[in-house]
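> Quick one, structure for this:
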Amino acid sequence: MRIGELSRRTGASVRSLRYYEEQGLLKPLRLASGYREYGEGDAGTVRGIRLMLAAGLNTATIAELLPCMTDDGQGLSPACSGMLPDLHRERERLSGAVAELIAARDALDTIIEATAPLEPADPLACQAIALTPALRKS
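Sure thing, here's the model as predicted:
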């Protein structure tokens, strides 16, 4: 099948499919005309790539894990437990990122709670308040 058909079957954009090829995640055959030719198994591979991307894995990690995946007809699934250390490492990385985002949100909540509401809400009044200390220094 050609790239447009693979795109329709998987929901991945043509641009994404080309990127997956650049990253070594897909290896289509090249016809004499230069067109890419994909096999039926490539649709499952693309669905697996998209699942792993959605799980927060980067393409370099996906390239390492992809050989340990098998197509079960519904998409890719792990074929060996040897990939578990990599998956656990990525989970820890994501957990750290989540913790940082929660801390940032909590800091923002603190700022929001400390901010007195203006009555009526007037953006120009906020600007005047913000400029007042600067004007006093002059």
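> what about the helices in the chain?
When assigned using DSSP state H, the helices of the chain occupy the ranges 3-10, 14-22, 40-54, 59-65, 84-114, 123-137.
> Which one of the ones you listed lies nearest to residue 77?
Residue 77 lies closest to helix 40-54 among the helices of the chain, at 8.0 Å (CB to CB). All C-beta atoms are positioned from the backbone trio N, CA, C, and that covers glycine.
> what about the helices of the chain, which gets the closest to residue 32?
Using CB to CB, the helices of the chain put helix 3-10 closest to residue 32, at 16.3 Å.
> quick one: contacts of stretch 87-97?
The contact list for stretch 87-97 (CB atoms under 8 Å, 6 or more residues apart in numbering) reads 55, 56, 57, 61, 65.
> list the contacts for the third one?
To tie it back to what came earlier, the one meant is residue 57. Listed by CB under 8 Å, 6+ apart, the contact partners of residue 57 are 65, 90.
> what about 7 Å?
residue 90 (CB atoms under 7 Å, 6 or more residues apart in numbering).
> From residue 105, how far out is it?
Distance, residue 57 to residue 105, by CB to CB, to the nearest Å: 24 Å.
> Over to the fourth one?
Noted for residue 61: a distance of 27 Å to residue 105, by CB to CB.
> List only buried entries from the contacts of stretch 87-97.
Neighbour counting with 16 or more other CB atoms under 10 Å marks 57, 61, 65 as buried within these.
> want to try CSV for these, with pLDDT and distance to residue 3 as columns?
Formatted as CSV, these follow (pLDDT from 0 to 100; distance: CB to CB, whole Å):
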residue, pLDDT, distance to residue 3
57, 90, 23
61, 90, 24
65, 88, 24
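> Break this structure into its domains for me.
Using automatic domain parsing, the domain parsing of the chain gives 3-79, 87-137.
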